[in-house]
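Enquirer: attaching a predicted model along with its sequence, questions to come.
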Amino acid sequence: MPPSIDPITNLFSTGSSLIGRVIICFVAGWFGNFLSQLCAIFSDWSDFTNPGPALGNAFTFDGTEILNFILWPLILIHYLGAAPFYGVILASVIVVCLYKIIRSDDPVLFWAVLLVTALTPGMAITHGTIYSVVPLFFVLFGLGAGLWYAVNLEHPEWVDWFREKTGM
């Protein structure tokens with residue numbers, strides 16, 4: 001079979017090894033937390049007209065960024081304390097996604113995008129303001145499109161089952 005020209009498929013073909021799957025888990029978790037932090041930095045309307053200082057706060061690098069990358073599941077403890085309902089739902093999604101990415105033979109794109117999508121609202125819910133909802137909406141809209149692409153690519157039987165049950 002010739003190699004795929006789809007860059008997303010080529011990127012996630014690294015998920016064929018255990019080490020690649022573990023790396024994908026860490027990258028997905030870190031990226032979800034990064035998007036969450038990016039949404040939460042918008043705290044006033046002036047941040048939308050002059051995003052430079054706000055984005056400068058998001059891209060500062062200190063020693064904790066390495067810990068955030070390696071130990072990203074520990075942020076769940078913070079979410080359980082700050083927003084318990086979200087933390088409980090997030091805990092179950094994280095466990096299912098990590099199991100599906102690391103232990104199963106399923107393709108990993110859908111589960112990685114689901115993990116990013118589940119982690120993205122966290123900081124906007126716990127530390128953000130009402131202004132954080134605007135970038136959160138756009139980010140979640142894009143991640144929703146990514147989830148739809150991933151489910152159509154990797155699990156078309158789920159889409160067929162849904163269409164059969166709902167008549168759409």
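Expert: Cool, the structure landed.
Enquirer: okay, and the residue sitting nearest the centre point of the chain sits in which element?
Expert: By Cα atoms, centre = their mean, the mean C-alpha position of the chain lies nearest to Val116, the distance being 0.7 Å. Element membership for Val116, per DSSP states H and E: helix 109-119.
Enquirer: follow-up on the earlier one: excluding chain neighbours, give the residue nearest to the residue nearest to the centre of the chain in space.
Expert: Once flanking residues are discounted, Val116 sits nearest to Gly32: 4.1 Å by Cβ to Cβ, 6 or more residues apart in numbering. All C-beta spots, glycine's among them, are computed from the backbone N, C-alpha and C.
Enquirer: give the contact list for that neighbour.
Expert: Going by Cβ atoms under 8 Å, 6 or more residues apart in numbering, Gly32 touches 115-120, 122.
Enquirer: if we go to 10 Å?
Expert: Going by Cβ atoms under 10 Å, 6 or more residues apart in numbering, Gly32 touches 72, 75, 90, 94, 112-122, 143.
Enquirer: contacts for stretch 91-99, please.
Expert: By Cβ under 10 Å, 6+ apart, stretch 91-99 touches 21-22, 25, 28-29, 32, 72-73, 75-77, 79-80, 108, 110-119.
Enquirer: make a PyMOL selection of the buried ones in the residues you listed.
Expert: Typed into PyMOL, the line below selects the buried ones among those, using 16 or more other Cβ atoms under 10 Å:
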select buried, resi 21+25+28+29+32+72+75+76+79+108+110+111+112+113+114+115+116+117+118+119
